[in-house]
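# Need coordinates for the following:
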Amino acid sequence: MHVIVHGGAGSPPEAPADRQETLTDAAARATGSEGPMDAVLTALRPLESDPAFNAGIGGAIQSDGEVRTDAGLMTDDGQAGAVCAMSGVVHAADVAHPVATETPHVLLAGDEAVDFAAGLGVETGRDLTTEQTRQRYADADPPDGGPADHLEWVREHFTGTDTVGAVATDGDRLAAATSTAGRWFALAGRVGDVPQIGAGFYADDRGGASVTGEGEAIARFGLARHAVEMLDTYGPRQAAEEAIADFEDATGGRAGVIVLDHAGHAGAERNTAAMQTARR
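Next comes the predicted model:
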């Protein structure tokens, strides 16, 4: 099994060595999986559980004090599932999986997605905050005005874009997945690129990609699909480079992407200050 994982693109993280060890262990654990779909889920679980990453426990808190998780995944034969705006769910990718495999739908949202998760035995009702994130939220001083004032304040004070993702192949099948808690102090219920096919994740017979960064710009551009389309012309390394260059030219946004083809060749690129990855 070939696996590449990322821990999010954005500012240089605290304790990068610890984070890198977690990423490396996650990739190594995923190589023992039975198939690519299981591999990407296996890789993401420890990242969703680790407060050092912005997915699940310790994730970004929205404007109303809630942490809401999103995830999406896709296989090379077009099977796809996604969930968004879920409170109390650590392992969002584990909920996206049965959406893809056990329903005729692609995306479930909000409380209904949480109910769906609970009905399938995925743990719900967790407190996703930590002492550190609760303090960060309490120390903030957002304006008392409406949504426009709040969004301007967010743009000025909070630029984090971390997300986690993985792509895996066994040489035959391939899967890509991305999971996140979104953006700090985003408007309650905000959903970014992560659960949108072709934006935060994408896979087809050429390969797969997982994306991290400025969600709205990524969604408008369709960065994950664009990165995979670059495999028509380039290998994964240059495909990632070309995709990020095209994205920056078109949007001025900041992002990172990992790309994997069916032969196990991988590429990663970013135009942010940092993006940690691991590959096995």
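
# pLDDT wise, what is residue 186 at?
Among the per-residue scores, residue 186 shows a pLDDT of 86.

# what's near enough to touch the nearest residue to it once chain neighbours are set aside?
Spatial nearest neighbour of residue 186, chain neighbours left out: residue 62 (5.2 Å); criterion: Cβ to Cβ, 6 or more residues apart in numbering. The way it works is simple: take the backbone N, C-alpha and C, and place the C-beta from them, glycine included. By Cβ atoms under 8 Å, 6 or more residues apart in numbering, residue 62 lies in contact with 68, 182, 185-190.

# cool, and residue 267?
Going by Cβ under 8 Å, 6+ apart, residue 267 touches 235-241, 258-260.

# Now do the helices in the stretch 151-280 of the chain.
215-221, 223-229, 236-251 (DSSP state H, counting those that start in this stretch).

# Turn these into CSV, columns for distance to residue 72.
Conversion of the helices of the stretch 151-280 of the chain to CSV gives the following (distance: least, Cβ to Cβ, whole Å):
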stretch, distance to residue 72
helix 215-221, 12
helix 223-229, 9
helix 236-251, 18
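
# residues of stretch 254-271 that come out buried?
For stretch 254-271, burial by neighbour count (16 or more other Cβ atoms under 10 Å) applies to 254-262, 264-271.

# again, but for stretch 1-20
Under the neighbour-count rule (16+ other Cβ under 10 Å), stretch 1-20 has 1-10, 13, 19 buried.

# from the residues you listed, which is closest to residue 210?
Nearest to residue 210 among these: residue 6, at 6.5 Å, using Cβ to Cβ.

# which stretch of helix or strand covers residue 116?
Residue 116 belongs to helix 110-119 when assigned by DSSP states H and E.

# quick one, what contacts residue 76?
173-175, 203-205, 207-208, 262.

# Apply 10 Å and report the result again.
Each residue near residue 76 by Cβ atoms under 10 Å, 6 or more residues apart in numbering is listed here: 36, 169, 172-176, 203-208, 228, 262.

# ditto for residue 14
Contacts of residue 14 by Cβ under 10 Å, 6+ apart are residue 52.

# I figured residue 61 was touching residue 137, is that so?
Yes. Taking contacts as Cβ atoms under 10 Å, residue 61 lies within contact range of residue 137: 4.8 Å.
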